[in-house]
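Colleague: Need the 3D shape of this:
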Amino acid sequence: MAKTATTLSLIILLLSLSVPLFTYWQYSMWKEWMRNTHAYLSNGIHLDAVKQDILAVIQEDMERRGDGTSLIGTFVRLSWHCSGTYDNSDKTGGSQGGRIRFSPEKKWDANAGLDIPMKALEPVKDLHPSLTYADLYTFSGVVAAEYAGSHHVSYRLGRVDHQDGSTSPEDGRLPDADKGSPEKTAHHMRDVFYRMGFTDKEMVSLMGAHTLGRCHIDRSGYWGPWNKAENKFNRALFSFLLDMKWTPKKTHNGEPWTGPLQYENPSGELMMLPSCMAMIQDEKMKEYVVLYARNQELFLKDFSAAFGKLLTLGVPTPPRLYFFHHLFC
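Modeller: The predicted structure is shown next:
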């Protein structure tokens, strides 16, 4: 009995010591994170100011073009491709490091044309020299999506820049538009999105970003917009998929189409990629296409949540003070 009491007393003593030690460790981590964050903010990083400068780039570029096209979709694509290389199993890839501006990533076929938005953002970088490229590129997509009409996208600073692309992941992590058949394309899409930790619903909502911008022959090999209003964030991709007839593109500007397989509506003005078509050819994905085609607010809500999640993949998070959280929250 005495031995049991001694053991119990020892356990209580150890617990009484471990809780404050664990709490102190959590506090130390939190304090270090706050110190780094304060240093980052004290360098003059104010997101509202950065946002206004990115918007100025978008608006000035739209006025200069004057043809209804813009950098909106391109900024969203840049932020997407910065982040979409993440692997949840080994924690590699993602936007951390801003490595998309270096080889090998900048030379990947999937990133063709992304030198254009990176160059367009240089004046913003000049105005905010302490802002990392990794934060600038990802935040540009947030600003563009919200400007086009998405719901608020949760975003935080904290990405660092690497000095080269030596830690870039292998090529092939970004989604391809076509894998040769609807089944193979759908399987590939799931491989890509599941690797990052997304569900089918989140995958379809993120695919809805194709409502913005257009494809360019000199970049991806594909041609045309998905949406008649390509600067407007809405459910058009999903409703068009269901409501229009889509057939393989055969001609372009009166000549035989020699590009990769893509689909067009009866007028030939709009296009769909094989990966877009896969969403209505796959039974599970089609459920969410129908859901979002019927409910734009739900699509905007789900996209914003999934997009915010995408942009934070691999980005350090502030530690939680677990002891105090469970005591008072």
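
Colleague: Does S239 touch N295 like I think?
Modeller: No. Here S239 lies out of contact with N295, judged by C-beta atoms under 8 Å, at a distance of 10.8 Å. Quick note: C-beta positions are derived from backbone N, CA and C, even for glycine.

Colleague: Between those two, point out the one with more neighbours.
Modeller: Higher neighbour count among S239 and N295: S239, with 17 against 14, using other C-beta atoms under 10 Å.

Colleague: Contacts only, for I217.
Modeller: Applying C-beta atoms under 8 Å, 6 or more residues apart in numbering, we find I217 in contact with 223, 259.

Colleague: Now do the phi/psi pair for it.
Modeller: Taking degrees, to the nearest 10, you get phi -60, psi -40 for the backbone angles of I217.

Colleague: hang on, G68 in a strand?
Modeller: No. Under the criterion used here (DSSP: H, G, I helix; E, B strand; the rest coil), G68 is coil, not part of a strand.

Colleague: Distance of it relative to N231?
Modeller: Distance, G68 to N231, using C-beta to C-beta, to the nearest Å: 7 Å.

Colleague: neighbour count winner among these two?
Modeller: Counting neighbours by other C-beta under 10 Å for G68 and for N231 shows that N231 has the greater number, 21 against 12.

Colleague: wait, what's in contact with that one?
Modeller: 62, 68-70, 72-73, 148, 212.

Colleague: Name the member of those with the most neighbours.
Modeller: Counting neighbours by other C-beta under 10 Å, L212 leads those with 29 neighbours.

Colleague: hang on, it packs against V76?
Modeller: Yes. Assessed by C-beta under 8 Å, L212 is found in contact with V76 at 5.7 Å.

Colleague: quick one: common contacting residues for the two?
Modeller: Common neighbours of L212 and V76, using C-beta under 8 Å, 6+ apart, are 144-145.

Colleague: next one: the strand or helix carrying S205 to chain centre, how far?
Modeller: Using DSSP states H and E, S205 sits within helix 200-207. Chain-centre distance of helix 200-207: 11 Å, with C-alpha atoms, centre = their mean, to the nearest Å.

Colleague: same deal with stretch 229-240?
Modeller: 18 Å.

Colleague: cool, and stretch 115-123?
Modeller: Between the centre of stretch 115-123 and the centre of its chain there are 18 Å (C-alpha atoms, centre = their mean).

Colleague: same check, this time on stretch 247-262
Modeller: 30 Å.

Colleague: How about stretch 151-171?
Modeller: 11 Å.

Colleague: What average pLDDT does it get?
Modeller: Averaged across stretch 151-171, pLDDT comes to 96.

Colleague: and the end-to-end length of it?
Modeller: Distance between the two ends of stretch 151-171: 32 Å, counting by C-alpha to C-alpha, to the nearest Å.

Colleague: where's the nearest residue to V124 once chain neighbours are set aside, which helix or strand?
Modeller: Nearest non-adjacent residue to V124, counting by C-beta to C-beta, 6 or more residues apart in numbering: D53, 4.7 Å away. Using DSSP H and E, D53 falls within helix 47-65.

Colleague: Show me what whatever helix or strand comes next after that helix is in contact with.
Modeller: Of the helices and strands lying after helix 47-65 in sequence (DSSP H and E), the nearest is helix 72-83. The contact list for helix 72-83 (C-beta under 8 Å, 6+ apart) reads 54, 58, 94-95, 98, 100, 110-111, 113-114, 116-118, 134, 137-145, 147-148, 174, 206, 209, 212-214, 230-231, 310-311, 313-314.
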